[in-house]
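Engineer: show me how the following folds:
(one chain, ligands or ions: 1)
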Amino acid sequence: MVASADIKITRVAKSRVGEYDVNNVPFGKIFADHMFIAEYENGKWSKCSIQPYEDVPMSYALSALHYGQAIFEGMKAYKSDEGVVSLFRPIDNFNRLNKSAIRMAMPEVPEEIFMGGLTELLKLDKNWVPDGDFGSLYIRPFMISTDEAIGVRPSDNYKFVIICCPAGKYYAEPVKVLIEHHYFRSVRGGVGYVKAAGNYGRSLYPTRLAQDKGFQQVIWTDSETNKYVEESGTMNLMFVIDNTLLTPALSDTILAGITRDSVLAVARDWGLKVEERKISTEEIIAAHNAGTLMEAFGTGTAATIAHIKAIGFEDHLYELPAVEDRKFAPKVDEFLRNLRKGREQDKHNWMLKVC
Ligand SMILES: Cc1ncc(COP(=O)(O)O)c(C=O)c1O
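Structural biologist: Numbering: from 1, shown residues only. This is a model prediction of the structure:
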């Protein structure tokens, strides 16, 4: 790990944390006191620093803005009942960031910089980690290309940055989702399996159209056949049909969610039958009509579990059983919440204690 001695640390003169109730702030708007920055130039990473959170002075020719070499991660730190701050599966986020970097022709970040920067940052901003049952510190590591030049080619210079913000519950209520079959999030051979910033930009217009119809999110289908469901918003999708947990198999059009992997592991630990395979819209509707579609939900770092209360498809709305009547998703949601608070045995070694 990059030692704290190798990180130039400039602390804030006075912390802003006392200005907020960190258990009760809007998501993604209030940032912790410090940020970590590493710079890539002349073919290597160097210049690691932690400094007060600030805006970027930048050139309008910044290559990330024009050609989209921009990738990111989303992860969380939790505070246990004893006040210990831990990260949930950080190495998986580190590995996924580098998978994104490779696909976007960007340099990989060394583990010692990712983990060293993250650890030192958390030690400084520990007081920003909410301690409530639903609270966490959302962590956004990201990399952008920083050449100040017009011209389509991989940049020579990059910045890897980590910023953090306190977070509470993401979706307060179960969501209504619309199966989208005109626009696609991701195509075969594309970048859907990585966290490239452009994936999110392209999803906004179709999502807004769905929101105008009263839905919170869309369910994306595969662009080749338009038959199989893939993901929903920034979440992987899961269904319980006839006591079997179903989720679309991973491919180059689906992001390998860390929450997805965790939920599948817990389901297997609990002896539930799990299937990772293609799931067609037809199959979901047939199960609904037969009364065997018991649960539908999204999984992701921001929400953990977002229960789906209704699915819209071609002018029909298919309503699902009430969350109180669901056996699996509320239980796994609670289990993961307790695990992160240090109240469950961590048999998979998912939690990394930091400070
Ligand atoms: C497109 C997409 N799918 C799925 C997920 C869920 O991934 P994870 O569970 O690692 O947060 C995310 C969020 O990172 C996402 O952006």
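Engineer: let me see the mean pLDDT of the helix or strand hosting residue 285.
Structural biologist: Residue 285 is part of helix 281-290, with elements assigned from DSSP states H and E. The average pLDDT for helix 281-290 rounds to 98.
Engineer: could you do stretch 255-265 as well?
Structural biologist: Across stretch 255-265, the average pLDDT comes to 98.
Engineer: how about the CA coordinates for it, as PDB?
Structural biologist: Extracted C-alpha coordinates of stretch 255-265, given in PDB (Å, rounded to 0.1, in the frame of the first residue of the first chain):
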ATOM      1  CA  LEU A 255     -22.100  -4.700 -15.500                       C
ATOM      2  CA  ALA A 256     -20.900  -7.300 -13.000                       C
ATOM      3  CA  GLY A 257     -22.400  -5.800  -9.900                       C
ATOM      4  CA  ILE A 258     -20.700  -6.400  -6.600                       C
ATOM      5  CA  THR A 259     -24.100  -6.300  -4.800                       C
ATOM      6  CA  ARG A 260     -25.400  -8.800  -7.400                       C
ATOM      7  CA  ASP A 261     -22.500 -11.200  -6.600                       C
ATOM      8  CA  SER A 262     -23.100 -10.700  -2.800                       C
ATOM      9  CA  VAL A 263     -26.800 -11.400  -3.000                       C
ATOM     10  CA  LEU A 264     -26.300 -14.500  -5.100                       C
ATOM     11  CA  ALA A 265     -23.600 -15.800  -2.600                       C
END
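Engineer: show me what counts as buried in stretch 183-200.
Structural biologist: 183-186, 190-197, 199 (16 or more other Cβ atoms under 10 Å). Glycine gets a C-beta too; all of them are placed from N, C-alpha and C.
Engineer: anything in stretch 330-346 near the ligand?
Structural biologist: No - applying Cβ under 6 Å from any ligand atom, one finds stretch 330-346 separated from the ligand by no less than 10.9 Å.
Engineer: can you name the residues in contact with that stretch?
Structural biologist: 76, 78-82, 84, 86, 88, 133-134, 136, 259, 262-263, 266-267, 304-305, 307, 323-324, 350-351 (Cβ atoms under 8 Å, 6 or more residues apart in numbering).
Engineer: the ligand next: which of those residues are close?
Structural biologist: By Cβ under 6 Å from any ligand atom, the members of these lying near the ligand are residue 259.
Engineer: pull out the buried members of the contacts of stretch 330-346.
Structural biologist: 76, 78-79, 84, 86, 88, 136, 259, 262-263, 266-267, 304-305, 307, 323, 350-351.
Engineer: ok, now which ones touch residue 217?
Structural biologist: Counted by Cβ under 8 Å, 6+ apart, residue 217 has contacts 175, 177, 178, 207, 210, 232, 233, 235, 298.
Engineer: just the closest of the residues you listed to residue 110, please.
Structural biologist: Set against residue 110, the nearest of the contacts of residue 217 by Cβ to Cβ is residue 235 (29.8 Å).
Engineer: please report how far that closest one lies from residue 107.
Structural biologist: Distance from residue 235 to residue 107, counting by Cβ to Cβ, to the nearest Å: 29 Å.
Engineer: how far away is the nearest residue to residue 97 once chain neighbours are set aside from residue 19?
Structural biologist: What sits nearest to residue 97 in space, not counting adjacent residues and going by Cβ to Cβ, 6 or more residues apart in numbering, is residue 73, at 4.9 Å. Distance from residue 73 to residue 19, counting by Cβ to Cβ: 27 Å.
Engineer: the two - which one has more neighbours?
Structural biologist: Taking other Cβ atoms under 10 Å, residue 73 and residue 19 do not tie; residue 73 has more neighbours (22 against 7).
Engineer: pLDDT score assigned to that one?
Structural biologist: The model reports residue 73 with a pLDDT of 98.
Engineer: the helices in the stretch 151-300 of the chain, which residues?
Structural biologist: Secondary structure of the stretch 151-300 of the chain (DSSP state H, counting those that start in this stretch): helices at 197-212, 258-269, 281-290.
Engineer: just grab the bridge partners of residue 280 for me.
Structural biologist: Beta-bridge partners for residue 280, by DSSP bridges, are residue 228.
Engineer: residue contacts, it?
Structural biologist: 227, 228, 229 are the contacts of residue 280 under Cβ under 8 Å, 6+ apart.
Engineer: can I get the CA coordinates of the helix or strand encompassing residue 122 in PDB?
Structural biologist: Using DSSP H and E, residue 122 maps to helix 111-124. Output of helix 111-124 as PDB, limited to C-alpha atoms (Å, rounded to 0.1, in the frame of the first residue of the first chain):
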ATOM      1  CA  GLU A 111      -3.500  -1.400  -6.000                       C
ATOM      2  CA  GLU A 112      -1.200   0.400  -3.600                       C
ATOM      3  CA  ILE A 113      -2.400   3.800  -4.900                       C
ATOM      4  CA  PHE A 114      -6.100   2.800  -4.900                       C
ATOM      5  CA  MET A 115      -6.100   1.200  -1.500                       C
ATOM      6  CA  GLY A 116      -3.500   3.500   0.100                       C
ATOM      7  CA  GLY A 117      -5.300   6.600  -1.000                       C
ATOM      8  CA  LEU A 118      -8.700   5.300   0.100                       C
ATOM      9  CA  THR A 119      -7.500   4.200   3.500                       C
ATOM     10  CA  GLU A 120      -5.700   7.500   4.300                       C
ATOM     11  CA  LEU A 121      -8.700   9.500   3.100                       C
ATOM     12  CA  LEU A 122     -11.100   7.500   5.300                       C
ATOM     13  CA  LYS A 123      -8.800   8.000   8.300                       C
ATOM     14  CA  LEU A 124      -9.000  11.800   7.800                       C
END
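Engineer: appreciated, that's everything.
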